[in-house]
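Asker: The following block contains a protein sequence and its predicted model.
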Amino acid sequence: MDLERAQSIADNVVSRLSPYCSRIEVAGSVRRKKATVNDIDFVLIPTDPWQLQSEIMRLGSGRVKMSGSKITRLSYNGVQVDLYFATPETWATLLLIRTGSTESNIRLTTLAKKRGWHLHASGLGLFNEKGERIAGDTEESIFKALGVPYQRPEERI
């Protein structure tokens, strides 16, 4: 689908889920402003899990394809929607990873590995060789720790 339709759907989902979240943001190719979008990804921090789950079921017309403690996948208006559940501690890293692109994520994880570090796709953050978290409170902190200039989402090709 084109970006305009995807953004419209994303705005609708945010509007419906935000009352039950302390934070919610569209990620993936919509956040990167790609012309063509296959699915729509969101990262969110729930505040009212019970009401949130009820609204997710309404969004998916009662047909949620996959559900777990970290991701829920559903079809909304014929479009695959993936919801990634974060905490305040995992928010920035999860948003970075779920925004992508795949190539950008590979570049960042490769830079981390060259230093003996680990960038956790789960959102835990960037850890050094001693297992100490050294970045992850913001997307910018990860880029800075890896010694590369920050890239805005639309620059992450």
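Answerer: Received it, and whenever you're ready, just let me know what you need.

Asker: Quick check: buried residues in the host helix or strand of residue 9?
Answerer: Assessed by DSSP states H and E, residue 9 sits inside helix 3-17. Using 16 or more other C-beta atoms under 10 Å as the test for burial, helix 3-17 gives 3, 6, 7, 9, 10, 13, 16, 17. (C-beta placed from N, C-alpha, C; glycine too.)

Asker: Looking at these, spot the one nearest residue 139.
Answerer: The closest of the buried residues of helix 3-17 to residue 139 turns out to be residue 10 (C-beta to C-beta; 18.8 Å).

Asker: wait, what's in contact with the closest one?
Answerer: Shown in contact with residue 10 (C-beta atoms under 8 Å, 6 or more residues apart in numbering): 26, 30, 40, 42.

Asker: Now intersect those residues with the helices, please.
Answerer: Those of those mapping onto helices are residue 30, per DSSP state H.

Asker: among the contacts of residue 10, who's most crowded?
Answerer: Highest neighbour count within the contacts of residue 10: residue 42, with 25 neighbours (other C-beta atoms under 10 Å).

Asker: Not counting residues beside it along the chain, what's closest to it?
Answerer: Setting aside the residues directly before and after it, residue 42 is nearest to residue 83 in space (C-beta to C-beta, 6 or more residues apart in numbering), at 5.2 Å.

Asker: Restricted to strands, list the contacts of residue 10.
Answerer: 26, 40, 42 (DSSP state E).
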